[in-house]
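# The following comprises the amino acid sequence and a computationally predicted model.
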There are 2 protein chains.
Amino acid sequence: MPDTRTDPAAPDPRPRTRGRGRPRRGEPADTRDRILDTARAEFSRYGYDGTSVRGIAKAAGVDSALVHHYFGTKEGVFEAAVAVAFAPALHAPDAVAEGPPEGVGERLTRFIFGVWENPTTRTPLLAILRSAVNNETAAAVFRRLVVSQLLRRVAAQLEVPDAELRAELAAAQLVGCAMLRYVIKVEPLASADLEQVIRRVAPVVQGHLTGP
Amino acid sequence: MPDTRTDPAAPDPRPRTRGRGRPRRGEPADTRDRILDTARAEFSRYGYDGTSVRGIAKAAGVDSALVHHYFGTKEGVFEAAVAVAFAPALHAPDAVAEGPPEGVGERLTRFIFGVWENPTTRTPLLAILRSAVNNETAAAVFRRLVVSQLLRRVAAQLEVPDAELRAELAAAQLVGCAMLRYVIKVEPLASADLEQVIRRVAPVVQGHLTGP
């Protein structure tokens, strides 16, 4: 997982003057990460609307001011937490790039299902999806990350007209599969053999991305 | 919208002995419908977890016992509200049946986008989707309705092996499009010309349903 302290999408911490929310000298370097882990768990459990900076601070055992110092508003904490949770999916453009164009559908499909099949990477994605479906601010964060960091980068590798729309329709097939298989758990899809599902979905993703 | 009092999916009212929750003689015939409309609005605003039978009763101006009388538990109210909201989508199998098999993809795609494009039918669907993504009980109700009343009926009309899995993968493409276009509102898909979207999605739905 990348260090989000260098993530250009993460909001800048406030000016470095020593104030109420500044970490104490000798504050363990991982306090920020601990707040972020706690925030992820809180957003996951209570959703965007049910989570507060105060609640995150309390659960992480720090002062609210320290949370504000690192992340600004609740939206800032959410965006940083989402960026971490979303990090595995951000390798999808590499999956698109690494290999011949005629295999892009299968590589991307296999990669995305891999992220969803693994409980460690599935849980935070689920939390983001839940928040995004329920709250307009959370949806905006989701849009910024998914569109600018994922779909645009996938689209940039396709030498076709309407590349962004194509990438989104391919994403729609994959998001819909994730919804029905992992979230709502509709049968037989939820228990279907993964390879069988990939065999049926990969050509669709390929068609969207490079088809006529 | 069909009269849900004759809907076989709606839970049976309790025995008709006059009890605390029985409607008074002369109770307006539309009290049940009013409770249902109120319930839909409450579930839509507060989600499954944030809605209570007591809150629905208060908002509808009736005694909680009357809500229990008509619908049983909160799950029962939710299922009845969802059945009403879901009613327009239940005509999808007719869209599949009415016409030649090679046009089924376009008919189904056009029908489902039509339901989502219309704010009157979109709003309740959105409320169901939100609840189902957030709550296991709501997801179970969604599964029962979508699978037994929609996907199985679509599948029954296809003379192919794996008809149910095919119907679900087609549904995944349509659900994913609805998520990205109407819920999360990812651009350019959210503002794309509907006919252009249908032209790209219909062949995919056709392929899932009747392809090799």
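Arrived safely.
# which regions of chain A sit below the pLDDT cut-off?
A:1-29 (pLDDT under 70).
# In it, what residue comes closest to chain B?
Of the residues in chain A, the one nearest chain B is residue A:176, at a distance of 2.9 Å by Cβ to the nearest Cβ. Where C-beta positions appear, they are placed from N, C-alpha and C, glycine not excepted.
# I figured that residue hits residue B:181, correct?
No: look at residue A:176 against residue B:181 with Cβ atoms under 8 Å: they stay out of range, at 11.6 Å.
# got the contact list for residue A:207?
Contacts for residue A:207 were tallied using Cβ atoms under 8 Å, 6 or more residues apart in numbering or on different chains; they are A:105, B:203-204, B:207.
# quick one, helices of chain A?
A:31-46, A:53-60, A:64-71, A:74-86, A:92-97, A:104-117, A:119-134, A:136-143, A:152-156, A:163-178, A:194-210 (DSSP state H).
# can you tell me how far the residue of chain A closest to chain B sits from residue B:64?
38 Å (Cβ to Cβ, to the nearest Å).
# And for residue A:127?
From residue A:127 across to residue B:64, the span is 33 Å (Cβ to Cβ).
# Straight-line length of stretch A:144-155, end to end?
Its start and end residues considered, stretch A:144-155 measures 15 Å (Cα to Cα, to the nearest Å).
# just how off-centre is it within its chain?
Distance, stretch centre to chain centre, for stretch A:144-155: 11 Å (Cα atoms, centre = their mean, to the nearest Å).
# next one: stretch A:129-136
The answer for stretch A:129-136 is 12 Å, by Cα atoms, centre = their mean.
# what comes into contact with it?
Stretch A:129-136 is contacted by residues A:43-44, A:47-49, A:78, A:138-139, A:141-142, A:178-179, A:183, B:47, B:129-130, B:133-134, B:179, B:183-184 when judged by Cβ under 8 Å, 6+ apart.
# Which of the residues you listed are buried? Put it as a ChimeraX command.
Buried members of these, defined by 16 or more other Cβ atoms under 10 Å in any protein chain shown, are picked up in ChimeraX with:
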select /A:43,44,47,48,78,138,139,141,142,178,179,183 /B:47,129,130,133,134,179,183,184
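# ok, back up a step: the helices of chain A: which one's closest to residue B:194?
Among the helices of chain A, helix A:163-178 comes nearest to residue B:194, with 12.7 Å by Cβ to Cβ.
# For the closest one, which helices and strands make contact with it?
The contact analysis (3 or more Cβ pairs under 8 Å, 6 or more residues apart in numbering or on different chains; DSSP states H and E) places helix A:163-178 against helix A:104-117, helix A:152-156, helix A:194-210, helix B:163-178, helix B:194-210.
# Most tightly packed of those helices?
Most buried of the helices and strands packed on helix A:163-178, by mean neighbour count (mean count of other Cβ atoms under 10 Å in any protein chain shown): helix B:163-178, with a mean of 25.
# So what's the gap between that one and the chain middle?
15 Å.
# now stretch A:123-131
Using Cα atoms, centre = their mean, the offset of stretch A:123-131 from its chain centre is 8 Å.
# cool, and stretch A:72-82?
Using Cα atoms, centre = their mean, the offset of stretch A:72-82 from its chain centre is 13 Å.
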